[in-house]
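[1] Quick one, what's the 3D model for this:
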Amino acid sequence: MLKSIVSAAITLALTAILTAYAAARYLPGRISNEMQTTSDKCLFWRSRVDASVTLPDGHKELDEKDQQNTMDGIECLLNLEGNKNAAKFSGANKPYISQIFKQATVEVAALYYISYLYTQKWDHADAIFLANDNEEAEEAETTRRAYEAYRVWYKEVKKVGIVKAREKRLNPLKGTGIRWY
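    Reported below is the predicted structural model:
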């Protein structure tokens, strides 16, 4: 008898937790405006790089040239490390590049998009591909080190401001042996 009461209590508690989670995730009116805004902003940025993410009808577009939006976007995109989904864009950016590249992952596309937001130039590199001077380095290690470098760079950008960082031409991959193709 006691075993069935405990089991029923655990089931009831789990149901309550899952219901609260689903409500917070799918019913925006039930979460705070601050959480909703942050979540909405990150959804917007994820939708820019992740082929599996689409914005709901009526979702607000963000001005990518706005400094605060750029900083928010960088912060959101830095959270996509480890996302191996297919990216929304991939391959070469210039017509003179004949090399064929494999489909980029979301995590690599997120770093590329960060550099695009920072430089305000889509073709800041020839391809959505991280090259490593150490040709024997594994792709996963190259990507991990690139994220590490971008995070250090982002701290500096937050400290000096994006306008000053652009003036100084701060490069997120400087000194890493990693570069965009």
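
[2] hey, where'd the strands end up in this protein?
    With DSSP state E as the definition, the chain shows strands at residue ranges 130-132, 178-180.

[3] Would you reformat those as CSV and include distance to residue 164 and mean neighbour count?
    Bear in mind the C-beta positions are built from the backbone N, C-alpha and C, glycine included. Formatted as CSV, the strands of the chain follow (distance: least, C-beta to C-beta, whole Å; neighbours: other C-beta atoms under 10 Å):
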stretch, distance to residue 164, mean neighbour count
strand 130-132, 26, 19
strand 178-180, 23, 18
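
[4] Residue 92: which of these is closest?
    Closest of those to residue 92 is strand 178-180, at 11.5 Å (criterion: C-beta to C-beta).

[5] Mean confidence (pLDDT) on the closest one, please.
    The pLDDT scores in strand 178-180 average 97.

[6] what comes into contact with that strand?
    For strand 178-180, contacts defined as C-beta atoms under 8 Å, 6 or more residues apart in numbering pick out 112, 115, 124-133, 142, 145-146, 149, 173.

[7] What strands flank it, and is each parallel or antiparallel?
    strand 130-132 (antiparallel) (DSSP bridges).

[8] dump the residue contacts of residue 123.
    Residue 123 neighbours (C-beta under 8 Å, 6+ apart): 93-94.

[9] again with residue 76
    41-42, 45-46.

[10] ok now do the residue positioned nearest the centre of the chain, which residues does it touch?
    Computing the C-alpha centroid of the chain and ranking residues by C-alpha atoms, centre = their mean puts residue 77 first, at 2.2 Å. Counting by C-beta under 8 Å, 6+ apart, residue 77 touches 45, 49, 110-111, 113-114.
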